[in-house]
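Enquirer: structure, please.
(3 chains)
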Amino acid sequence: MLVLGIDTSGYANAIGVVDGERILADFMFETRNESLAKIMLNIDSVLKGAGLGLEDIEGFGVGLGPGSWTGIRIGVTVGKMLAYCTGKPLKGISTLEVLAYRARDYHRLICPIVDAGAGGTIYAAFYRAANDKINQIGDYYVGDLPGLVEMIKEPTVLVADKAQEYLGIIGNSIQPNTVEALEKSPRGAAVAKLAAARLESGEQDDMLALAPLYLKESTARAFVNKYSGRALEV
Amino acid sequence: MPASKTAKTAHVFLSHSPAATLRLGKRLGGKIIKGSVIALVGELGCGKTLFTRGLCSGLGVPEKEVNSPTFAFVNEYRGRLPIYHVDLYRINDIEDGFEIGILDYLARAEGGVIVLEWAEKVLPLLPEDYLRVQFEVLSPQRRSLEIAGFGEKSNTLLRGLSD
Amino acid sequence: MLVLGIETSCDETSAALVTDGRTVLSNIIANQLDLHRKYGGVVPEIAARRHTELIGYVINEALDVGGKSLTDVEAVAVTAKQGLVGSLLVGVAAAKTLSYVLRVPLIGVHHIEGHIFANLLSNPEIPLPHVCLTVSGGHTLLVYIKGHCQYELLGGTVDDAAGEAFDKIAKFLDLGFPGGPIIDRLAAQGDRKAFNFPRPLLKAKTNYFSFSGLKTAIINAFKHQLATGKVLPLEDIAASFQEAVVEVLVTKTLRAAKQREVSAISVTGGVSANRRLREVFTDTCSAEGIKVYFPDLSLCTDNAAMIAAAGHARLAHGQADDLSLDVVPNVPLEVQHAG
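Expert: All right, here's what the predicted structure looks like:
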């Protein structure tokens, strides 16, 4: 199935096209504050570069975050409207899963991490790989890096665009070789592959209802707990 | 990061009139540096927007351009530095703060200045180093402004202001 | 030309279908949707998240109610200027995608221009030139409209917007939200002369407005009443406050109109729905031989039909944006010359 995948949760517009398992195109456009301005042009150039037109696309995949919510909304909105206008199905994939997918060959517990963008807070989750697929273990994590590290009890690979930096911060607080770092960013082709697999088995999202993956209550609680000592004192 | 940090220095300024509040803001605006975070706390009508107008004026933004971002949440001005003027009056809690993109603005403001009215609503989201201006209404005309510096940069700013 | 309009600059998520810049086929504003039926959840109160979750619904509903399909859409107009970045970008992202897939022209519209067109939609006969007062929670702006899409900014608020004053006073007096309609209702039962609240900048020879002084005057009066243990006549406070705002808005707008020697005034924006404002404007203007126009009530608050109408006018002048359209959160209404 020909699927276009988009992820705008980081500082880039990640766009890719796959035909089932086969990658036809995979691009990262570094956009910072220009994500919105460039997104349609980026999509158009990726399609053209792969010798495709929008009418050839049979399905859409979109990264739901977590990450920069402002950025994620761009990708989610574009994905929704692409599906709506073309009538083709849509599947949202969590950005953490997209990252984890890139470490599916590691014989370790996989831990993708996304920076929340303020005060050292991160979003993370745990996955196990089997037969080229990955499955989430447990709930999402919202908190700081030390708190995440406390949860790690077996050989694990951290997957993040700042993975080496996190490894550096963890330092000696954990047994050597327990944690490895894999520097990766969410790629459009990975989104497209994961979406294609689900779409092919008939699983799709309601294109009008699709929303970013807000880690709501946990986010607020994490911040409040962390900084509760900073309550306004008279 | 430490869970709490008490202010290193605090100074109380008395304002006898709206014009005085404006002037104090302007003085601060003249001394402010890139990456400053200014948290304004005080009841309705205490002079937060007025103070911000003065601050922006001290950064070279014409007073007329600075008005209340209550509905917009954020107004952006270009002075000596880019200024993000945030008004959290309409948000109920930190969750709402996320939804309007407070984290994105705080990140962007590292290249400029960010002033937050009703800052107490998102206090946990502020960085370690920020300046807090707490307003108290003493009479219809008079206000006291307690300015406290949290962190080295803000304390330096406050010392410069008290001179 | 059938234009699909999208508006997500502030709190409302809206989509609309307008033909030839004058006939509104549909004007969907999110709070009117039966969201629980369609969405089955609690809709967030605030801005950007709400927009992402509603944009698909309002567009779909606009087409449904307007009896049109996507292929009938000939152009897309979207609010791209003036508003909160996170909110604006949802509308623009949707609009760009529509433009790309449907291969139709795209035009980014300034939110205030939308409000100006809201009145033109309701009253196509408003003559040019005229003076327009846009007054809402987020804006208080006086504009001289020379010709089609030709604007000169005369003045605006130096602090609070008029609508904002209504909301803050209503909240302060614990009257509920939104403040405008509540104060409007309460004031009808009150004595507008009970309190003589200040009319800031009323006599000043400037086209600028100020409402924060009025706000603090009410707060002080309220505190004073409390301190002296008197009973608080909320209806009277509401009526007197409203009278002060109305007097300033009408007097200064009329003065600007006479200065520019126009025969018409347009009053638009959320506060233009206020009954006392309409009453005083109508009476005062007729005494001066000036005609005053108000939009239909459904077009006073933020909505996409006004954006579609404004977009249509721009497109008719040969303007269009390309797929690199970006949002601009703070920008004054341009002085732009037609064609």
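Enquirer: am I right that residue C:68 is in contact with residue C:17?
Expert: Yes - here residue C:68 reaches residue C:17: they are 5.9 Å apart, a contact under C-beta atoms under 8 Å. Every C-beta, even on glycine, is put in place using the N, C-alpha and C of the backbone.
Enquirer: shared neighbours of those two, which are they?
Expert: C:2, C:25 (C-beta atoms under 8 Å, 6 or more residues apart in numbering or on different chains).
Enquirer: higher neighbour count, the two?
Expert: residue C:17 (27 against 17; other C-beta atoms under 10 Å in any protein chain shown).
Enquirer: quickly find the element holding that one.
Expert: Assigning secondary structure by DSSP states H and E places residue C:17 in strand C:14-19.
Enquirer: helices or strands up against the next helix or strand after that strand?
Expert: Using DSSP H and E, the helix or strand that directly follows strand C:14-19 along the chain is strand C:23-29. Packing contacts for strand C:23-29, counted by 3 or more C-beta pairs under 8 Å, 6 or more residues apart in numbering or on different chains; DSSP states H and E, involve strand C:14-19, helix C:47-66, helix C:304-316.
Enquirer: tell me which other helices or strands the second one touches.
Expert: The reference is to helix C:47-66. Counting contacts by 3+ C-beta pairs under 8 Å, 6+ apart, helix C:47-66 packs against helix A:69-86, helix B:94-99, strand C:2-7, strand C:14-19, strand C:23-29, helix C:35-38, helix C:85-102.
Enquirer: likewise the last one?
Expert: For helix C:304-316, the helices and strands in contact under the criterion 3+ C-beta pairs under 8 Å, 6+ apart are strand C:2-7, strand C:14-19, strand C:23-29, strand C:75-81, strand C:106-110, helix C:111-122.
Enquirer: residues from chain C in reach of chain B?
Expert: C:10, C:44-50, C:83-86, C:136-138, C:156-161, C:163-164, C:167-168, C:172, C:208, C:212, C:215-216, C:219-220, C:329-330 (C-beta under 8 Å from any C-beta of the partner chain).
Enquirer: again, only using 7 Å
Expert: Taking C-beta under 7 Å from any C-beta of the partner chain as the contact definition, chain C meets chain B at C:10, C:44-49, C:83-86, C:137-138, C:157-161, C:164, C:168, C:172, C:208, C:212, C:215-216, C:219-220, C:329-330.
Enquirer: sorry, back to before: so which elements touch the strand holding residue C:17?
Expert: The contact analysis (3 or more C-beta pairs under 7 Å, 6 or more residues apart in numbering or on different chains; DSSP states H and E) places strand C:14-19 against strand C:2-7, strand C:23-29, helix C:47-66, helix C:304-316.
Enquirer: what's the average pLDDT for the third one?
Expert: To tie it back to what came earlier, the one meant is helix C:47-66. Confidence for helix C:47-66, expressed as mean pLDDT, is 90.
Enquirer: where does the residue in chain B positioned nearest to chain C land on pLDDT?
Expert: Using C-beta to the nearest C-beta, the closest approach of chain B to chain C is made by residue B:71 at 3.5 Å. We have a pLDDT of 87 for residue B:71.
Enquirer: repeat that for the one 5 residues further on.
Expert: In the prediction, the pLDDT value recorded for residue B:76 is 90.
Enquirer: one more: residue C:228?
Expert: Note on residue C:228: pLDDT of 87.
Enquirer: number of nearby residues for residue A:133?
Expert: Neighbour count of residue A:133, defined by other C-beta under 10 Å: 12.
Enquirer: wait, what's in contact with the closest residue to it other than its chain neighbours?
Expert: In this structure, residue A:133 finds its nearest non-sequential neighbour in residue A:104, 7.3 Å apart by C-beta to C-beta, 6 or more residues apart in numbering or on different chains. Neighbouring residues of residue A:104 by C-beta atoms under 7 Å, 6 or more residues apart in numbering or on different chains: A:129, A:132, A:134.
Enquirer: please save the CA atoms from stretch B:124-131 in PDB.
Expert: Provided in PDB are the C-alpha atoms of stretch B:124-131 (Å, rounded to 0.1, in the frame of the first residue of the first chain):
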ATOM      1  CA  PRO B 124       6.000  25.900  37.800                       C
ATOM      2  CA  LEU B 125       6.700  26.400  34.100                       C
ATOM      3  CA  LEU B 126       9.000  29.400  34.600                       C
ATOM      4  CA  PRO B 127      12.700  28.800  34.400                       C
ATOM      5  CA  GLU B 128      14.900  28.900  37.500                       C
ATOM      6  CA  ASP B 129      16.100  32.500  36.800                       C
ATOM      7  CA  TYR B 130      13.300  35.000  36.600                       C
ATOM      8  CA  LEU B 131      12.200  38.400  38.100                       C
END
